[in-house]
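1. model this:
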Amino acid sequence: MTNAARHIAVIGGGPAGLRAAEVAAAAGARVTVFDAKPSVGRKFLIAGRGGLNLTHSAGLERFASRYAGPDQPAGFWHDRLSEFGPTELRQWAADLGIETFQASSGRIYPTALKAAPLLRRWVQRLRALGVRFEMNHRWTALTPGPPWRLGFSNNATVSAAAVILALGGGSWPQTGSDGAWVSILASLGIACHPLVAANCGWECAWPAPVLASAEGHPLKNLHVRAGETPAIGELLVTRYGLEGGAIYQLGRALRAMPQPAIAIDFKPAHSHAQLVAKMQSVRRDFLTEARVRWRLSPAAHAILARKPWADAGALASEAKHCVIALSGPRPLAEAISSAGGVCWSELDAMLMLNQLPGVFVAGEMIDWEAPTGGYLLQGCFTTATRAAHGALAFAGED
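-> I've put the predicted structure just below:
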């Protein structure tokens, strides 16, 4: 059993766990990272396949507004991003020797567009700070302290002055982010909202002709709505429905709808009247002409062709407000991120569990969600930094 004196245990080797370990170790604490998998950063590496979108260049107010969740403390994200936000995250990467750049979308990426070099240097830094790594340790039990006693599936037991939980949400369980921790916390009386798919695709029943022409094709430069909630971005037609940034942004609104549906404006730069004017000389085969005159993509044309059109006005109305009924989200295991988790009411300002003094929570375990675009990783780094300072103060190190 590990001596608990000045020892901070971090459960979870994803970005939130590694960041918490880094902050705590840099302040002089003795830190051990425990993870159920043979190596750390597995979900981080998968995210890196898309270039590793670290953060976003949005201003503080807009950045903070991108985070949502039931009963979030007022001003939490504004205040925490002021402590460790996009500027600090880019500097953190630079200190590791990783250059970053801002894309035209405002997203921030490593210049190499890879996660592996960054993760490798990060782990090297952690080891240099004295952080120990205990792999193949699946957390199974927590006995109240302090000192806190942790149990693992391999029968190992550990004591710690403070504990930081950073086990992720419920998406991509193959990486270790399987949400199994919910039952452990529930047994300790900690309220958690169910984990549900957040940034994910949604299912709809496409007619066979639509799939034949549109599957795998993007829909670009769209305005999309779910009820009164707008989104701007792209969609991708899949065999089961739709993927893409626009629908990811609308996940929270769609989950709240008794009959989820989106309305797509395929030509947001043109009014209904302008689209009709482009078709003034057309007397028949409106859809074929619209494909050329409105510059419709193959996927947009296929979706509008679900039924025949006898006049340009009706077709223009459909192009400006095409309603797609959805049957539900894709499974949680496929989602980029999850919503749900530890209720905010269970946490104090330092992200410590009120009922378990000395136990802190970071990252996607907390009930917040955000769209893709750099907000997810930033949220993990920001909450981990806060939780680590809380653990340091509790353990008498800060």
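2. Sketch out the low-pLDDT regions of this structure for me.
-> Filtered on pLDDT under 70, the chain yields the residue ranges 1-5, 397-398.
3. since we're on the closest residue in space to residue 144 that isn't next to it in sequence, how many residues are nearby?
-> Computed as Cβ to Cβ, 6 or more residues apart in numbering, the closest residue to residue 144 that is not its neighbour in sequence is residue 356, at 6.6 Å. In this view, the C-beta of every residue, glycine as well, is placed from N, C-alpha and C. Other residues near residue 356 come to 21 when the count uses other Cβ atoms under 10 Å.
4. Please tell me I have it right and residue 356 contacts residue 184.
-> No: look at residue 356 against residue 184 with Cβ atoms under 8 Å: they stay out of range, at 11.3 Å.
5. Who are the contact partners of the residue nearest to residue 316 when sequence neighbours are not counted?
-> Leaving aside its sequence neighbours, residue 316 sits nearest to residue 275 (Cβ to Cβ, 6+ apart; 4.0 Å). Residue 275 makes contact with 267, 290, 294, 312, 316, 319-320, according to Cβ atoms under 8 Å, 6 or more residues apart in numbering.
6. Quick check: of these, which lies closest to residue 14?
-> Residue 14 lies nearest to residue 267 out of those, by Cβ to Cβ, at 41.1 Å.
7. what's the neighbour count on the closest one?
-> By other Cβ under 10 Å, 22 other residues sit near residue 267.
8. buried ones in the lengthiest helix in the chain?
-> Of all segments of type helix in the chain, defined using DSSP state H, the longest is helix 375-394. Residues of helix 375-394 classed as buried: 375-392, 394 (neighbour count, 16 or more other Cβ atoms under 10 Å).
9. quick one: which helix or strand includes the residue nearest to residue 316?
-> Assigned by DSSP states H and E, residue 275 falls within helix 272-277.
10. who does the next helix or strand after that helix touch, helix- and strand-wise?
-> Next helix or strand after helix 272-277 toward the C-terminus (DSSP H and E): helix 286-293. Contact here means 3 or more Cβ pairs under 8 Å, 6 or more residues apart in numbering; DSSP states H and E; on that basis helix 286-293 packs against helix 298-304, helix 312-320.
11. between helix 286-293 and helix 312-320, how big is the angle?
-> 60 degrees (axes from the mean of the first three to the mean of the last three Cα atoms, to 10 degrees).
12. Now do helix 286-293: distance to the chain's middle.
-> 39 Å (Cα atoms, centre = their mean, to the nearest Å).
13. Same question for stretch 150-160.
-> Distance, stretch centre to chain centre, for stretch 150-160: 30 Å (Cα atoms, centre = their mean).
14. which parts of that stretch are buried?
-> 150-152, 156, 158-160.
15. my guess is residue 318 meets residue 305, correct?
-> No: using Cβ under 8 Å as the test, residue 318 is too far from residue 305 to be in contact (10.3 Å).
16. in the stretch 51-200 of the chain, which spans are strands?
-> Along the stretch 51-200 of the chain, counting by DSSP state E, counting those that start in this stretch, strands occupy 55-56, 100-102, 107-110, 132-134, 139-143, 148-152, 157-160, 162-165, 192-197.
17. go on, the stretch 201-350 of the chain?
-> Going by DSSP E, counting those that start in this stretch, the stretch 201-350 of the chain shows strands at 202-203, 218-226, 229-237, 241-243, 261-265, 322-325, 328-329, 338-342.
18. Can you check which of the strands of the stretch 51-200 of the chain gets nearest to residue 45?
-> That would be, of those and by Cβ to Cβ, strand 107-110, which comes in at 12.8 Å.
19. other SSEs contacting the closest one?
-> Partner elements for strand 107-110 (3+ Cβ pairs under 8 Å, 6+ apart): strand 55-56, helix 86-95, strand 100-102.
20. how about the residue nearest to residue 143 when sequence neighbours are not counted, what does it touch?
-> Distance criterion Cβ to Cβ, 6+ apart; nearest residue to residue 143, sequence neighbours excluded, is residue 149 at 4.0 Å. Applying Cβ under 8 Å, 6+ apart to residue 149 gives the contacts 1, 141-143, 157-159.
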